[in-house]
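1. sequence unknown, structure follows:
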(Lines give C-alpha, C1' and ligand atoms only; values in the text may rest on other atoms or scores of the structure.)
Protein backbone atom coordinates (compact mmCIF):
# COMPACT_ATOMS: atom_id res chain seq x y z
CA UNK A 1 0.00 0.00 0.00
CA UNK A 2 1.32 3.49 -0.82
CA UNK A 3 1.33 6.28 1.75
CA UNK A 4 -0.90 8.50 -0.42
CA UNK A 5 -3.51 7.84 -3.11
CA UNK A 6 -5.34 10.24 -5.42
CA UNK A 7 -8.83 10.09 -6.93
CA UNK A 8 -9.59 12.29 -9.92
CA UNK A 9 -13.30 12.91 -10.57
CA UNK A 10 -12.80 15.37 -13.36
CA UNK A 11 -13.54 13.01 -16.21
CA UNK A 12 -10.23 13.90 -17.86
CA UNK A 13 -7.30 11.58 -18.18
CA UNK A 14 -4.95 12.11 -15.24
CA UNK A 15 -1.88 9.87 -15.40
CA UNK A 16 -0.76 10.81 -11.89
CA UNK A 17 -4.06 9.77 -10.26
CA UNK A 18 -4.45 6.31 -8.76
CA UNK A 19 -8.09 6.24 -9.92
CA UNK A 20 -10.04 8.38 -12.37
CA UNK A 21 -13.83 8.52 -12.70
CA UNK A 22 -16.34 10.72 -14.49
CA UNK A 23 -17.52 13.96 -12.88
CA UNK A 24 -19.77 13.24 -9.89
CA UNK A 25 -23.47 13.81 -10.56
CA UNK A 26 -25.42 15.78 -7.94
CA UNK A 27 -28.96 17.06 -7.40
CA UNK A 28 -29.56 20.50 -5.88
CA UNK A 29 -32.27 21.67 -3.48
CA UNK A 30 -34.71 22.91 -6.14
CA UNK A 31 -34.27 19.78 -8.26
CA UNK A 32 -31.64 21.02 -10.70
CA UNK A 33 -28.93 18.55 -11.59
CA UNK A 34 -25.28 18.89 -12.48
CA UNK A 35 -21.79 17.46 -12.22
CA UNK A 36 -18.81 18.37 -10.07
CA UNK A 37 -15.18 18.04 -11.18
CA UNK A 38 -12.11 17.87 -8.98
CA UNK A 39 -9.76 15.57 -7.14
CA UNK A 40 -9.03 14.30 -3.66
CA UNK A 41 -5.84 12.93 -2.12
CA UNK A 42 -5.89 10.73 0.96
CA UNK A 43 -3.18 9.53 3.33
CA UNK A 44 -3.46 5.86 4.21
CA UNK A 45 -2.99 4.77 7.83
CA UNK A 46 0.54 3.93 8.91
CA UNK A 47 -0.27 1.87 12.00
CA UNK A 48 -0.49 -1.91 11.77
CA UNK A 49 -4.07 -2.35 13.06
CA UNK A 50 -5.69 0.07 10.62
CA UNK A 51 -3.61 -1.18 7.70
CA UNK A 52 -4.67 -4.74 8.49
CA UNK A 53 -8.35 -3.74 8.84
CA UNK A 54 -8.13 -1.87 5.52
CA UNK A 55 -6.64 -4.91 3.78
CA UNK A 56 -9.17 -7.32 5.27
CA UNK A 57 -11.97 -5.07 3.97
CA UNK A 58 -10.69 -4.22 0.49
CA UNK A 59 -7.83 -6.69 -0.21
CA UNK A 60 -5.74 -4.12 -2.06
CA UNK A 61 -5.18 -0.42 -2.83
CA UNK A 62 -7.10 -0.56 -6.13
CA UNK A 63 -10.31 -1.69 -4.44
CA UNK A 64 -9.73 0.76 -1.58
CA UNK A 65 -9.58 3.82 -3.84
CA UNK A 66 -12.34 2.68 -6.23
CA UNK A 67 -14.77 1.62 -3.54
CA UNK A 68 -14.23 3.44 -0.26
CA UNK A 69 -12.88 6.78 -1.53
CA UNK A 70 -15.16 6.94 -4.58
CA UNK A 71 -18.32 6.17 -2.57
CA UNK A 72 -17.44 8.47 0.33
CA UNK A 73 -16.64 11.34 -2.05
CA UNK A 74 -19.86 10.84 -4.00
CA UNK A 75 -21.97 10.89 -0.82
CA UNK A 76 -20.25 14.06 0.42
CA UNK A 77 -20.92 15.79 -2.91
CA UNK A 78 -24.55 14.66 -3.00
CA UNK A 79 -25.35 15.83 0.53
CA UNK A 80 -23.57 19.15 -0.06
CA UNK A 81 -25.59 19.86 -3.21
CA UNK A 82 -28.79 19.43 -1.18
CA UNK A 83 -27.75 22.34 1.04
CA UNK A 84 -28.08 24.90 -1.78
CA UNK A 85 -29.83 25.67 -5.04
CA UNK A 86 -28.11 25.23 -8.38
CA UNK A 87 -28.04 29.00 -8.93
CA UNK A 88 -26.23 29.44 -5.61
CA UNK A 89 -23.69 26.76 -6.53
CA UNK A 90 -23.25 28.41 -9.93
CA UNK A 91 -22.88 32.00 -8.75
CA UNK A 92 -22.22 32.57 -5.05
CA UNK A 93 -21.68 29.40 -3.00
CA UNK A 94 -18.69 27.74 -4.65
CA UNK A 95 -16.39 28.26 -1.69
CA UNK A 96 -19.11 27.05 0.69
CA UNK A 97 -19.66 23.98 -1.49
CA UNK A 98 -16.00 23.01 -1.31
CA UNK A 99 -15.81 23.63 2.46
CA UNK A 100 -18.96 21.63 3.25
CA UNK A 101 -18.03 18.76 0.91
CA UNK A 102 -14.55 18.39 2.41
CA UNK A 103 -15.94 18.65 5.94
CA UNK A 104 -18.48 15.88 5.33
CA UNK A 105 -15.94 13.68 3.56
CA UNK A 106 -13.51 14.09 6.45
CA UNK A 107 -15.81 14.01 9.49
CA UNK A 108 -19.11 12.48 8.36
CA UNK A 109 -22.38 13.48 6.71
CA UNK A 110 -24.57 16.14 8.36
CA UNK A 111 -27.84 15.43 10.08
CA UNK A 112 -30.35 17.72 8.38
CA UNK A 113 -33.95 18.87 8.41
CA UNK A 114 -35.91 19.93 5.34
CA UNK A 115 -37.02 23.57 5.20
CA UNK A 116 -39.81 24.66 2.86
CA UNK A 117 -38.96 27.70 0.75
CA UNK A 118 -41.13 29.75 -1.61
CA UNK A 119 -39.90 31.96 -4.41
CA UNK A 120 -41.57 33.84 -7.26
CA UNK A 121 -40.01 32.97 -10.62
CA UNK A 122 -39.52 35.21 -13.65
CA UNK A 123 -43.05 34.43 -14.88
CA UNK A 124 -44.61 35.46 -11.59
CA UNK A 125 -45.39 31.91 -10.47
CA UNK A 126 -44.60 30.77 -6.94
CA UNK A 127 -42.06 27.96 -6.80
CA UNK A 128 -41.84 25.73 -3.73
CA UNK A 129 -38.50 24.06 -2.92
CA UNK A 130 -37.10 22.19 0.05
CA UNK A 131 -33.58 22.85 1.25
CA UNK A 132 -31.62 20.69 3.70
CA UNK A 133 -30.54 22.62 6.80
CA UNK A 134 -27.79 21.11 9.02
CA UNK A 135 -28.87 20.38 12.60
CA UNK A 136 -26.84 22.10 15.31
CA UNK A 137 -26.33 21.40 19.01
CA UNK A 138 -24.26 23.62 21.29
CA UNK A 139 -22.75 25.35 18.25
CA UNK A 140 -21.65 22.10 16.56
CA UNK A 141 -23.07 20.40 13.49
CA UNK A 142 -24.60 17.00 14.23
CA UNK A 143 -23.41 14.06 12.12
CA UNK A 144 -25.24 10.99 10.84
CA UNK A 145 -22.15 8.88 11.54
CA UNK A 146 -18.40 9.14 11.38
CA UNK A 147 -16.81 9.35 7.95
CA UNK A 148 -16.08 5.97 6.26
CA UNK A 149 -12.53 7.23 5.78
CA UNK A 150 -12.12 8.06 9.47
CA UNK A 151 -13.16 4.52 10.39
CA UNK A 152 -9.84 3.33 8.95
CA UNK A 153 -7.89 6.43 10.04
CA UNK A 154 -7.64 7.58 6.41
CA UNK A 155 -7.01 11.35 6.29
CA UNK A 156 -7.91 13.79 3.51
CA UNK A 157 -4.72 15.68 2.65
CA UNK A 158 -5.91 17.53 -0.48
CA UNK A 159 -9.39 18.33 -1.74
CA UNK A 160 -10.03 20.43 -4.84
CA UNK A 161 -13.13 21.28 -6.81
CA UNK A 162 -12.14 22.57 -10.23
CA UNK A 163 -15.44 23.17 -11.98
CA UNK A 164 -19.22 22.73 -11.97
CA UNK A 165 -21.35 21.64 -14.91
CA UNK A 166 -25.13 21.83 -15.13
CA UNK A 167 -27.63 20.21 -17.48
CA UNK A 168 -29.26 22.47 -20.06
CA UNK A 169 -32.63 22.69 -18.26
CA UNK A 170 -30.85 23.74 -15.06
CA UNK A 171 -28.79 26.33 -16.91
CA UNK A 172 -32.00 27.72 -18.45
CA UNK A 173 -33.57 28.05 -14.98
CA UNK A 174 -30.41 29.71 -13.70
CA UNK A 175 -30.50 32.17 -16.60
CA UNK A 176 -34.19 32.94 -16.02
CA UNK A 177 -33.64 33.56 -12.31
CA UNK A 178 -30.57 35.68 -13.00
CA UNK A 179 -32.47 37.79 -15.56
CA UNK A 180 -35.39 38.23 -13.19
CA UNK A 181 -33.07 39.25 -10.36
CA UNK A 182 -31.21 41.64 -12.66
CA UNK A 183 -34.52 43.26 -13.63
CA UNK A 184 -35.43 43.66 -9.97
CA UNK A 185 -31.99 45.12 -9.21
CA UNK A 186 -32.24 47.49 -12.20
CA UNK A 187 -35.74 48.58 -11.21
CA UNK A 188 -34.64 49.12 -7.61
CA UNK A 189 -31.61 51.10 -8.76
CA UNK A 190 -33.80 53.30 -10.97
CA UNK A 191 -36.21 53.89 -8.10
CA UNK A 192 -33.37 54.79 -5.76
CA UNK A 193 -31.88 57.10 -8.41
CA UNK A 194 -35.24 58.82 -8.91
CA UNK A 195 -35.68 59.22 -5.16
CA UNK A 196 -32.17 60.61 -4.85
CA UNK A 197 -32.75 63.04 -7.71
CA UNK A 198 -36.01 64.11 -6.06
CA UNK A 199 -34.23 64.71 -2.75
CA UNK A 200 -31.49 66.68 -4.51
CA UNK A 201 -34.08 68.80 -6.34
CA UNK A 202 -35.90 69.46 -3.07
CA UNK A 203 -32.62 70.39 -1.40
CA UNK A 204 -31.73 72.78 -4.24
CA UNK A 205 -35.20 74.34 -4.12
CA UNK A 206 -34.97 74.78 -0.35
CA UNK A 207 -31.52 76.33 -0.74
CA UNK A 208 -32.73 78.77 -3.43
CA UNK A 209 -35.73 79.68 -1.29
CA UNK A 210 -33.50 80.30 1.71
CA UNK A 211 -31.15 82.42 -0.42
CA UNK A 212 -34.05 84.50 -1.74
CA UNK A 213 -35.51 84.89 1.74
CA UNK A 214 -32.08 85.87 2.99
CA UNK A 215 -31.65 88.40 0.23
CA UNK A 216 -35.12 89.82 0.90
CA UNK A 217 -34.39 89.99 4.61
CA UNK A 218 -31.07 91.71 3.97
CA UNK A 219 -32.71 94.24 1.63
CA UNK A 220 -35.42 94.91 4.20
CA UNK A 221 -32.77 95.39 6.86
CA UNK A 222 -30.95 97.90 4.61
CA UNK A 223 -34.19 99.77 3.99
CA UNK A 224 -34.90 99.94 7.71
CA UNK A 225 -31.41 101.25 8.40
CA UNK A 226 -31.75 103.86 5.66
CA UNK A 227 -35.20 104.89 6.90
CA UNK A 228 -33.95 105.28 10.45
CA UNK A 229 -30.99 107.28 9.25
CA UNK A 230 -33.24 109.56 7.15
CA UNK A 231 -35.54 109.95 10.13
CA UNK A 232 -32.68 110.93 12.41
CA UNK A 233 -31.34 113.40 9.82
CA UNK A 234 -34.82 114.89 9.42
CA UNK A 235 -35.17 115.30 13.20
CA UNK A 236 -31.78 116.97 13.42
CA UNK A 237 -32.64 119.31 10.55
CA UNK A 238 -35.99 120.17 12.14
CA UNK A 239 -34.32 120.89 15.48
CA UNK A 240 -31.79 123.09 13.73
CA UNK A 241 -34.57 125.05 12.02
CA UNK A 242 -36.38 125.47 15.32
CA UNK A 243 -33.21 126.72 16.96
CA UNK A 244 -32.59 129.12 14.08
CA UNK A 245 -36.13 130.46 14.38
CA UNK A 246 -35.63 131.01 18.11
CA UNK A 247 -32.44 132.96 17.46
CA UNK A 248 -34.13 135.07 14.80
CA UNK A 249 -37.00 135.78 17.17
CA UNK A 250 -34.60 136.84 19.89
CA UNK A 251 -32.76 139.12 17.48
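-> That came in fine, so what should we check first? Here the structure is a predicted model, which is why all the values come from computation and not from measurement.
2. So what touches stretch 49-59?
-> 1, 44, 45, 64, 67, 68, 152, 153, 154 (C-beta atoms under 8 Å, 6 or more residues apart in numbering). Bear in mind the C-beta positions are built from the backbone N, C-alpha and C, glycine included.
3. nearest to residue 76, of the residues you listed?
-> residue 68 (12.5 Å; C-beta to C-beta).
4. how would you label that closest one: helix, strand or coil?
-> Secondary structure for residue 68, judged by DSSP: H, G, I helix; E, B strand; the rest coil, is helix.
5. just the one 3 residues further on next, same as before
-> Using three-state DSSP as the criterion, the local structure at residue 71 reads helix.
6. okay, it: pLDDT?
-> pLDDT recorded at residue 71 is 95.
7. Was I right to think it contacts residue 148?
-> Yes - shown here, residue 71 and residue 148 form a contact pair, counting by C-beta atoms under 8 Å, at 7.2 Å.
8. who's more crowded, those two?
-> Using other C-beta atoms under 10 Å as the criterion, residue 71 and residue 148 rank with residue 148 on top: 18 against 11.
9. mind listing the helices for this protein?
-> Under the criterion DSSP state H, the chain contains helices at 48-58, 61-63, 70-81, 86-91, 94-107, 168-250.
10. want to throw these into JSON lines with distance to residue 132?
-> JSON lines is the format used below for the helices of the chain (distance: least, C-beta to C-beta, whole Å):
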{"stretch": "helix 48-58", "distance to residue 132": "30"}
{"stretch": "helix 61-63", "distance to residue 132": "31"}
{"stretch": "helix 70-81", "distance to residue 132": "7"}
{"stretch": "helix 86-91", "distance to residue 132": "13"}
{"stretch": "helix 94-107", "distance to residue 132": "11"}
{"stretch": "helix 168-250", "distance to residue 132": "18"}
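11. Quick one, which of those gets closest to residue 36.
-> helix 70-81 (5.4 Å).
12. For the residue nearest in space to the middle of the chain, give its distance to residue 34.
-> Taking C-alpha atoms, centre = their mean, the centroid of the chain lies closest to residue 92, which sits 6.1 Å from it. Plainly put, residue 92 is 15 Å away from residue 34 if you go by C-beta to C-beta, to the nearest Å.
13. low-confidence ranges in the stretch 101-250 of the chain?
-> 120-124, 178-185 (pLDDT under 70).
14. Next, give phi and psi for the closest residue to residue 136 other than its chain neighbours.
-> Spatially, and ignoring its direct neighbours in sequence, residue 136 is nearest to residue 142 (6.9 Å; C-beta to C-beta, 6 or more residues apart in numbering). For residue 142, the backbone dihedrals are phi -80, psi 150 (criterion: degrees, to the nearest 10).
15. number of nearby residues for residue 39?
-> 19.
16. same deal with residue 44?
-> By other C-beta under 10 Å, the residues close to residue 44 number 19.
17. Ok, the one 4 residues further on next?
-> When neighbours are counted by other C-beta under 10 Å, residue 48 registers 8.
18. got it, and residue 64?
-> Residues near residue 64, counting by other C-beta under 10 Å, number 23.
19. which stretch among the helices of the chain comes nearest residue 5?
-> Closest of the helices of the chain to residue 5 is helix 61-63, at 6.3 Å (criterion: C-beta to C-beta).
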